[in-house]
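Engineer: Requesting a structural model of the entry that follows:
(2 chains)
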Amino acid sequence: MDDASQPGGKSSAGPAGQRRLGNRAIGQRLRQMYEGVVEESVPDEFLRLLEEAEATERGDAAETETGKP
Amino acid sequence: MTAPQPLTASEFKSALLDVVPHLRAFARSLCNDAVAADDLVQDTMLRAWKARDSFTPTTSFRAWTFTILRNVFYSEKRRSWRSTELSPEMAERTLVASDDPSKGLELVELRNALDHLPDDQREAVILVGAGGMAYEEAAQIIGCAVGTIKSRVSRGRKALCEMLDGNKAPQPLRGGPVISSGSEAFNDIMEQVSALSREGG
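Structural biologist: Below you'll find the model as predicted:
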């Protein structure tokens, strides 16, 4: 909690006094970069990928139920 | 056996899907190429799925999956993705993703600056500074001491500050690129920026 990663403060992000970037401004940009991606919607293919993996496993399990590979 | 009950397959699946946005953010910070990043995430998901029996619910799920992603990234040839400068497509994506054009440009500058950090500082800064992780969690993912993470984050931040300040030279932001090295890629990006602003109006 001792860093500047909280997006609360909007101190040095103004267009005028931006020559010197403090830790807080860097922290805010870093958070923006990351959160911007987190907020993107996740394409369906990510869900499909897992469902396929699960289905494949089920199929395998059904076939090899009596013995381990 | 009194070990904590492992997650069921469906619990695991939903935990994994919940963490996907974070995996994508972490991967994209590492790769600088959105397509390669998503590829890395999908690989990570499959590995995590296969290894789900080794996950113990006492550890953070995000930390566990990030560890896998990091291992995949540094093993194989994934590392070479990083050696390329910020791809124009990625720069554009970063710019467009922001509703404020000047913010978008700031982020492109940031990605460019991250490129110039040593690997160990970059990943520490990404995990703690961007991902908001506790030092302890980042240390767990990277597999080093908490003190090491702290010092990497601190040095990395300092280096970023210096780069983004244009080696402390008091240049106005709008006057020209603040990034002094890697300027070829940066110029490409600047061209894209003006093209985008022409289109966007």
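
Engineer: Endpoints of stretch B:53-64, how far apart?
Structural biologist: 12 Å (C-alpha to C-alpha, to the nearest Å).

Engineer: and the lowest-mean-pLDDT helix or strand in chain A, what does it pack onto?
Structural biologist: In chain A, no helix or strand scores lower on mean pLDDT, DSSP states H and E than helix A:44-63, which sits at a mean of 87. Using 3 or more C-beta pairs under 8 Å, 6 or more residues apart in numbering or on different chains; DSSP states H and E, the elements in contact with helix A:44-63 are helix B:9-31, helix B:34-50. The way it works is simple: take the backbone N, C-alpha and C, and place the C-beta from them, glycine included.

Engineer: For chain A, give me the ranges with low pLDDT.
Structural biologist: Low-confidence segments of chain A (pLDDT under 70): A:1-21, A:64-69.

Engineer: Of all residues in chain B, which one is nearest the centre?
Structural biologist: For chain B, the residue sitting closest to the mean C-alpha position, by C-alpha atoms, centre = their mean, is residue B:29 at 1.8 Å.

Engineer: nearest residue to that residue other than its sequence neighbours?
Structural biologist: Using C-beta to C-beta, 6 or more residues apart in numbering or on different chains and skipping residues adjacent in sequence, the residue nearest residue B:29 is residue B:126, 4.5 Å away.

Engineer: got a list of what the one you found touches?
Structural biologist: Counting by C-beta atoms under 8 Å, 6 or more residues apart in numbering or on different chains, residue B:126 touches A:30, A:34, B:26, B:29-30, B:114.

Engineer: returning to that earlier point: okay, the helices and strands packed on helix A:44-63 in TSV with mean pLDDT next?
Structural biologist: Listed next are the helices and strands packed on helix A:44-63 as TSV, based on pLDDT from 0 to 100:
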stretch	mean pLDDT
helix B:9-31	94
helix B:34-50	94
